[in-house]
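[1] Curious how this folds, go ahead:
(one chain, ligands or ions: 1)
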Amino acid sequence: MPFTPDSELDLLFPAELISLEVKNQLHQDVHVRPLAATDYRRGHLDVLSVLTVVTDPGEEAWVAQFHAMRALPLTYYMIVMVDKNTDVIIGVGTVFIERKFLRGLGSVGHIEDIAVDKKQQGKKLGLRIIQVLTGLSENSGCYKTILNCSNDNIPFYQKCGYVQKENEMAKYA
Ligand code: ACO
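    Next comes the predicted model:
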């Protein structure tokens with residue numbers, strides 16, 4: 001598939017919010033942009049399945065979820081890395097902005113669902129995804145950006161400038 005420029009896409013949030021500094025550090029074959037309404041067809045779920053079990057809901061339900069997220073402005077920032085040669089997604093990441101009453105009505109950015117296609121790992125794509133998401137969180141006024149990860153991924157996040165703090169608790173339904 002030929003590369004689709006941002007101007008031809010229906011995006012989750014304005015592309016101008018993505019750090020130009022990080023964009024300029026990407027390989028010329030790689031483009032970073034917000035998730036688009038047609039990204040189901042560009043392998044979005046295939047890349048997510050590198051992270052965990054993904055059940056394909058079908059395109060119609062996927063698009064409905066996209067619109068449900070976009071209906072909540074200033075909350076969901078999902079980005080994708082696209083291979084410009086194929087128009088296929090090779091990396092994904094999300095930061096979700098949580099509003100609070102404490103810290104002077106402060107906000108916290110929650111980084112979620114980071115994944116890079118297996119064949120593309122080790123090329124700094126993960127690092128660039130975290131840099132873009134951290135920028136989106138900080139530019140949204142968040143006083144901190146946090147995430148949960150496995151012990152194996154701690155060194156990766158340390159390379160991205162994150163430090164280990166406290167513990168994660170979970171209760172699965
Ligand atoms: N252990 C040690 N160092 C690591 C690891 C690791 N597991 N992963 C990356 N690094 C280092 C790299 O060597 C590199 O170091 P350098 O700057 O000294 O060369 C630096 O971290 C940046 O690495 P990238 O090349 O940007 O990493 P990559 O593009 O491969 O992405 C990622 C890393 C996202 C963890 C990828 O391996 C992946 O998709 N893994 C499977 C899914 C996953 O575990 N996602 C994270 C879940 S946690 C969450 O979503 C909040």
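[2] Am I right that residue 31 is in a helix?
    No: per DSSP: H, G, I helix; E, B strand; the rest coil, residue 31 lies outside any helix segment and is strand.
[3] Quick check: it touching residue 85?
    No: using Cβ atoms under 8 Å, residue 31 is not in contact with residue 85; the gap is 10.6 Å. To be clear about C-beta, it is placed using only N, CA and C from the backbone, and glycine gets the same treatment.
[4] list residues touching both of these two?
    residue 3 (Cβ atoms under 8 Å, 6 or more residues apart in numbering).
[5] who in this protein is up against the ligand?
    Where the chain comes near the ligand, counting by Cβ under 6 Å from any ligand atom, the residues are 50-51, 111-116, 121-127, 147-149, 152-153, 155-156, 159.
[6] Pull out the buried residues from those.
    Buried members of the residues of the chain next to the ligand, counted by 16 or more other Cβ atoms under 10 Å: 50, 111, 114-116, 123, 125-127, 147.
[7] can you put those in JSON lines and add pLDDT and distance to residue 20?
    Output for these, formatted as JSON lines (pLDDT from 0 to 100; distance: Cβ to Cβ, whole Å):
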{"residue": "50", "pLDDT": "97", "distance to residue 20": "27"}
{"residue": "111", "pLDDT": "98", "distance to residue 20": "20"}
{"residue": "114", "pLDDT": "98", "distance to residue 20": "21"}
{"residue": "115", "pLDDT": "98", "distance to residue 20": "24"}
{"residue": "116", "pLDDT": "98", "distance to residue 20": "22"}
{"residue": "123", "pLDDT": "97", "distance to residue 20": "20"}
{"residue": "125", "pLDDT": "98", "distance to residue 20": "17"}
{"residue": "126", "pLDDT": "98", "distance to residue 20": "20"}
{"residue": "127", "pLDDT": "98", "distance to residue 20": "17"}
{"residue": "147", "pLDDT": "98", "distance to residue 20": "24"}
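[8] Which of those sits closest to the ligand?
    The nearest member of these to the ligand, counting by Cβ to the nearest ligand atom, is residue 126 at 2.2 Å.
[9] Could you tell me which residues make contact with the residue nearest to residue 10 when sequence neighbours are not counted?
    Computed as Cβ to Cβ, 6 or more residues apart in numbering, the closest residue to residue 10 that is not its neighbour in sequence is residue 37, at 4.0 Å. By Cβ under 8 Å, 6+ apart, the residues touching residue 37 are 9-11, 63, 66-67.
[10] And those residues, which of them are buried?
    Applying 16+ other Cβ under 10 Å to the contacts of residue 37 flags 9, 11, 63, 66 as buried.
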